[in-house]
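Asks: Got a sequence here, can you build the structure:
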Amino acid sequence: MLLKAIKFWRFDPVTVFYKLGLTGDSSKEASILLSRYVEQRFNESGLAKLFQQYGDELDKNEEYRLFLSGHKRADVVNVFDAALAARSVVEFGSGVSTITMAFAMKKKGKGKVHAVEADAKWANLVRSAADKLGLSEFCTVMHSVPRLHRDGFQVFSLFDSQPNIRPDLIYLDGPSPSSVEGLQQGLTMRGLEFIVAADPLLYEWSFYVGAKIIVDGRINNVRFLQKNLKRQYTFRRNFFRNTSTFTLVR
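Replies: Coordinates of the predicted model:
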């Protein structure tokens, strides 16, 4: 059991608990152990205090909500730790993850998150939240329209505009199929009901070794990237958090 812990701890402490069978379903003690770790990290990182600053306003807007309650704290901690190891982040989609990663940059005193958002109103909401929390210096949220494109027999989305930087971390959690405009051969992404964004491919040849692409869910998008990325990566799928990570080897 100790060897298993050593093997997996360097990747993801929460995964260790699951690999050892220590889940909330396995026993009451395991559930308490897992919850304590996440809660401790959430508090020690300053994330708890950060979201307390924003207060009840996180849940007041009925149409557009930027709120922590819809996110598992373990997921928030995971995003925070990933951003701590990065200097420049490009995020597709925006929200609590943007705020969390910007806070990580502020904790370090350097770095920036460049988020691209398909929904102009949501982009304004995230910008407002960043401003209220004193994080504007560490993140930008640009509105850009995602459109459907075709290459041979593959269709995918690309945002009209991209952050003009070299990232060492890409966090892919957008756009949604309903926000993608255009059609190819009569097909739309909304009609196909799948999510495939090709935007990370535009940055691939700017990566240095160690650069990461983290995909939140979006299994079709993960498979698309596996087929279309040209350089050599290690790949890790975290089934418990439903995330996939590509790390550039060379």
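Asks: Could I get the full set of helices for this protein?
Replies: 2-9, 13-19, 28-44, 47-54, 57-60, 73-84, 96-108, 120-132, 189-192, 219-228 (DSSP state H).
Asks: Distance check, Phe153 against Leu225.
Replies: 17 Å (CB to CB, to the nearest Å). (C-beta placed from N, C-alpha, C; glycine too.)
Asks: between these two, who's got more neighbours?
Replies: The residue with more neighbours, out of Phe153 and Leu225, is Leu225; 23 against 6, by other CB atoms under 10 Å.
Asks: My understanding was that the more buried one contacts Val215; is that so?
Replies: Yes - counting by CB atoms under 8 Å, Leu225 does reach Val215; the two are 7.1 Å apart.
Asks: Common neighbours of these two, please.
Replies: Counting by CB atoms under 8 Å, 6 or more residues apart in numbering, the shared contacts of Leu225 and Val215 are Phe246.
Asks: Phe194 contacts Pro177, correct?
Replies: Yes - between Phe194 and Pro177 there is a contact at 6.7 Å, judged by CB under 8 Å.
Asks: Would you mind measuring from the residue nearest in space to the middle of the chain to Gln154?
Replies: Centroid-nearest residue in the chain: Tyr171, 4.0 Å away (criterion: CA atoms, centre = their mean). Distance, Tyr171 to Gln154, using CB to CB: 23 Å.
Asks: Name whatever forms a beta bridge with the residue nearest to the centre of the chain.
Replies: Counting by DSSP bridges, Tyr171 is bridged to Glu91, Ile214.
Asks: pretty sure it is in contact with Phe92, am I right?
Replies: Yes - using CB under 8 Å, Tyr171 makes contact with Phe92 at a distance of 7.3 Å.
Asks: which residues do the two both contact?
Replies: With CB under 8 Å, 6+ apart, Tyr171 and Phe92 have no common neighbours.
Asks: got any ranges where the protein has weak pLDDT?
Replies: By pLDDT under 70, the low-scoring segments of the chain are 1-35, 54-71.
Asks: Identify whichever of the helices of the chain lies nearest to Thr247.
Replies: Nearest to Thr247 among the helices of the chain is helix 73-84; the distance by CB to CB comes to 11.0 Å.
Asks: in the closest one, what's buried?
Replies: Neighbour counts over helix 73-84 (16 or more other CB atoms under 10 Å) mark Arg73, Ala74, Asp75, Val76, Val77, Asn78, Val79, Phe80, Ala82, Ala83 as buried.
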